[in-house]
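[1] Have a look; sequence and predicted model below, questions after that.
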Amino acid sequence: MGVPDDLELFTQMCFLRHFEERADSLYRQGLIHGPVHLGLGHEAVAVGAASVLRPDDYSLGTYRGHAHALARGAPADAVLAELLGREGGICQGKGGSMHITSVEHGYYGSYAIVGAHLPIACGLAWAAQIRRTDQVTVCFFGDGATNIGAFHEAVNLAAVWRLPVVFVCENNWYMEYTPIGEVIPVALPAADRAAAYGLDRIVVDGNDVAAVRQVVGDAVRAARDGQGPSLVEAQTYRLKGHSAADGGAYRPAEEVARWRERDPLLRTRAVLAAAGTAPDKLDEIDARIKSDLAELARLILTRPAPDPAGAWTDVWSDGSWQWRN
Amino acid sequence: MAELTYRQAVAAALAQEMARDDRVVLLGEDVASGGVFKTTGGLAERFGADRVRNTPISEQVIAGAALGAAMAGLRPVAEIMFADFYATCWDQVANEIAKVRYMTGGQVSLPLVLRGANGSGGLGFGSQHGQSVENWAMTVPGLKIASPAGPAEAFGLLAAAIRDDDPVVVFEHKALYGRKEEIGDGEQVVPLGQARTVRAGRDVTLVGLSITVGTCLAAAQELAAEGIEAEVIDLRTLVPLDAATVLASVARTGRLVVVEENPGQLGWGASIAAIAAQEAFGSLVAPVTRVSGGNVPLPVAASLEAEVDVSVPRVVAATSGLLGASRPLSTSQQKG
């Protein structure tokens, strides 16, 4: 796997940004059935972490998971079809926005019960440990998840079993509508809990893709080398509300403005400009991605809805659903 | 042939499957130390620490790690020491394990087993260690449910559960762990979804599961002394449910008594009763009757516990009453 340059990282983040903006727009037009949680502003975490993984590594995310699936290589048309409830959805229309999964690309699911997937990440990592495959599991979750029991059970077990897993907390400072500081007795939700499990206190600027690459890369290497798990706190910010239905009015305007200045895309633009990349070139990439995604959405909306018969498949491994004879 | 206790049968099934398939791994509290109910004795020594792992008291991560390992291609068997503790990891069981295959459009299979000690059986374990909770699992599409009535079933059903490509919850009965039975030589596998007629009879069908199969058999003996011949069916699994065997029996007997240890309010017996009412209505000559655990938390003092547990006298009384209340058999049923 080649080392991506800054332009490649910018392009990937730009793609995630426009994908989420498009999803937001489609939601507002009433074209998405069910809730949508956007990762706008979190792009550097998804792209930076995915860039240090091997294709056979495992990753898992939350209901705010579109970006994590796409960053591993999940096809955008299948993800968008899933959101739009059209044929060809990546989960056949059975998962929707909150459960985007692409096992083929190592992305083992988006989980909508807060914290539930940290124990599951332990199982994937345990399998790699038993088989001595040196695969690493990366598990993304929000700051709110650090208050649920599953977080503590999972980080403890991972530490005790020295599992090859990297837990990445995307601290966007809000547990849904509540500032995280109101519901934790420490300053930082993940980093300040690490010591309880004998882990290092690791904080990274989650809006700096190069920093995420460095820090998560180090953690992944340690896990691969048999040095056990890490707990990384990546500090970032939602550019919009908790879900697409939430305007985020509970956040002070000056706070939002401050974080907008730290937008991960603006920062990577600055890095590229300093290295001599012409802004026009970046604008061109940005405009092309935006129009490609608009066209993709238009095409997917011409597809039919999934055949209702599909509701009766995939409960059991033989494809059936029957529970009795 | 060898005589095995129920707990030895569990350990033998685990050993049989671990020897056959190196993807089978165990995790749970004290499992590498033989287990609190002595159902995993000798396995860590025989198969190694990698494949038999002690966990902290952390049911969410026990169940969740089983899910993750199954997605990665292992065939984990997770022990939840007391079935009551499913309440502490119900998110993993009901929201994740039961649904991940479906929610992902079939991208993964989950060949995993959750197993442990269930039920009252008059041992004084009380409200948080003595419940019978098969009915909890039965409310969730996506879980298979087995509940063995004796050592042979404990052996064969667990082996089949481990070989199954879907999640199976195996409810062992803690009051049966000491029960002994002759087990045949060679590989033991009892397919999921096949009920077993334990005793043939023409007058009434008694349907039991796990410990209540024995209750039904003892009741049938007493009823025989009254001239009532009861057929006894061991469901073995609730999902897949072998309703056909129950319906065929009811077509012959015209009467059905369902005997379940879990509380009656939405117990699994309600599903059996509803199926019979809807699909065997023409055969029934008496109301479908249920004998269930009490609709109260399980008390501890022996006199209180016996008051609410399912018992032979309660099954005998319900069945005798049913025969008294029956309407006349139609000609065709008398022939059958």
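    Yes, it's here. Nothing here was measured: the structure is a model prediction, and the numbers come from that model. Numbering: from 1, shown residues only, chains lettered A, B, ... in the order given.

[2] Kindly report the residues of the stretch 201-336 of chain B close to chain A.
    Applying C-beta under 8 Å from any C-beta of the partner chain, one finds that the stretch 201-336 of chain B approaches chain A through B:239-244, B:275. (C-beta placed from N, C-alpha, C; glycine too.)

[3] B:E3 is in what secondary structure piece?
    Here B:E3 is covered by strand B:2-5, with elements defined by DSSP states H and E.

[4] And the contacts of that strand?
    Here strand B:2-5 makes contact (C-beta atoms under 8 Å, 6 or more residues apart in numbering or on different chains) with B:12, B:151, B:155, B:177-183, B:185.

[5] Most neighbours among the residues of the stretch 201-336 of chain B next to chain A, which one?
    Neighbour counts for those were taken using other C-beta atoms under 10 Å in any protein chain shown; the highest belongs to B:V239, which has 25 neighbours.

[6] which residues in the stretch 101-250 of chain B form helices?
    Per DSSP state H, counting those that start in this stretch, the stretch 101-250 of chain B carries helices over the ranges B:134-138, B:151-163, B:211-225, B:243-253.

[7] export these to TSV and tack on mean pLDDT?
    Below are these laid out as TSV (pLDDT from 0 to 100):
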stretch	mean pLDDT
helix B:134-138	97
helix B:151-163	98
helix B:211-225	98
helix B:243-253	98
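
[8] can those go into TSV with extra columns for distance to A:T268?
    As requested, the helices of the stretch 101-250 of chain B are exported to TSV (distance: least, C-beta to C-beta, whole Å):
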stretch	distance to A:T268
helix B:134-138	50
helix B:151-163	50
helix B:211-225	65
helix B:243-253	61
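
[9] and the residue most central in space within chain A, what element?
    Taking C-alpha atoms, centre = their mean as the criterion, A:H68 is the residue nearest the geometric centre of chain A, at 3.3 Å. With the criterion set as DSSP H and E, the secondary-structure element containing A:H68 is helix A:66-72.

[10] Could you single out the nearest of the residues of the stretch 201-336 of chain B next to chain A to chain A?
    Ranked by distance to chain A (C-beta to the nearest C-beta), these are led by B:L241 at 3.8 Å.

[11] any idea how far the residue lying closest to the closest one once chain neighbours are set aside lies from B:I272?
    For B:L241, ignoring the flanking residues on the chain, the nearest one in space by C-beta to C-beta, 6 or more residues apart in numbering or on different chains is A:R324 at 3.8 Å. Taking C-beta to C-beta, to the nearest Å as the measure, A:R324 and B:I272 are separated by 10 Å.

[12] and for these two, which residues touch both?
    With contacts taken as C-beta under 8 Å, 6+ apart, the residues that reach both A:R324 and B:I272 are B:241, B:243.

[13] Pick out whichever of these two has more residues nearby.
    The neighbour count for A:R324 versus B:I272, taken as other C-beta under 10 Å, is higher for B:I272 (26 against 15).

[14] quick one: contacts for that one?
    Taking C-beta under 8 Å, 6+ apart, we find B:I272 in contact with B:207, B:235, B:241, B:243, B:246, B:256, B:258.

[15] And those residues, which is closest to B:N135?
    Sorting these by how near they are to B:N135, with C-beta to C-beta, puts B:V258 at the top with 12.2 Å.

[16] Show me the shaky parts of chain B.
    In the prediction, chain B carries residues with pLDDT under 70 at positions B:325-336.

[17] do the same with chain A
    Within chain A, the segments meeting pLDDT under 70 span A:1-2.

[18] which residues in the stretch 151-300 of chain A form strands?
    Secondary structure of the stretch 151-300 of chain A (DSSP state E, counting those that start in this stretch): strands at A:165-171, A:174-175, A:178-179, A:202-205, A:230-235.

[19] buried stuff in the last one?
    Taking 16 or more other C-beta atoms under 10 Å in any protein chain shown as the basis for neighbour counts, the residues of strand A:230-235 that come out buried are A:230-235.

[20] And the furthest pair within the residues you listed?
    The span of the buried residues of strand A:230-235, defined through C-beta to C-beta, is set by A:S230 and A:Q235 at 15.9 Å.

[21] Give me every residue in the stretch 51-200 of chain A lying close to chain B.
    Contacts of the stretch 51-200 of chain A with chain B, taken as C-beta under 8 Å from any C-beta, map to A:58, A:89-95, A:99, A:101-104, A:108-109, A:111, A:113, A:116-128, A:130, A:137, A:149-150, A:153-154, A:156-157, A:160-161.

[22] ok, back up a step: so, if you compare the contacts of strand B:2-5, which one comes nearest to A:D307?
    Checking those against A:D307 with C-beta to C-beta, the nearest one is B:F155 at 42.7 Å.

[23] can you tell me the residue of the stretch 101-250 of chain B closest to chain A?
    B:G105 (3.2 Å).

[24] count of residues packed around that residue?
    Applying other C-beta under 10 Å, we find 22 other residues in the vicinity of B:G105.

[25] my read: it touches A:K94, true?
    Yes. The pair B:G105 / A:K94 is scored as a contact, 5.2 Å apart, by C-beta atoms under 8 Å.

[26] which residues are in contact with both of these two?
    Common neighbours of B:G105 and A:K94 (C-beta under 8 Å, 6+ apart) are A:D314.

[27] Skipping adjacent residues, who's closest to residue 191 in space?
    I'll assume chain A. In space, A:A191 comes closest to A:E233 once its chain neighbours are excluded; the distance is 4.2 Å by C-beta to C-beta, 6+ apart.

[28] could you do chain B instead?
    The spatially closest residue to B:P191, leaving aside those adjacent along the chain, is B:A160, at 5.7 Å (C-beta to C-beta, 6+ apart).

[29] Who are the contact partners of the one you found?
    B:146, B:189-192.

[30] Next, work out how far apart it and B:R196 are.
    13 Å.

[31] now swap in B:L238 and tell me
    Noted for B:L238: a distance of 14 Å to B:R196, by C-beta to C-beta.

[32] And those two? Which one has more around it.
    For B:L238 against B:R196, the residue with the higher neighbour count under other C-beta under 10 Å is B:L238, and the figures read 27 against 16.

[33] Apart from its chain neighbours, what residue comes closest to the more buried one?
    B:L238 sits nearest to B:I145 (C-beta to C-beta, 6+ apart), 4.2 Å away.

[34] That neighbour contacts B:F171, correct?
    Yes. Contact status for B:I145 versus B:F171: in contact at 7.1 Å, counting by C-beta under 8 Å.

[35] Identify the contacts common to these two.
    Residues touching both B:I145 and B:F171 (C-beta under 8 Å, 6+ apart) are B:134, B:137.

[36] Name the stretch among the strands of the stretch 151-300 of chain A that sits most buried.
    strand A:165-171 (a mean of 29; mean count of other C-beta atoms under 10 Å in any protein chain shown).
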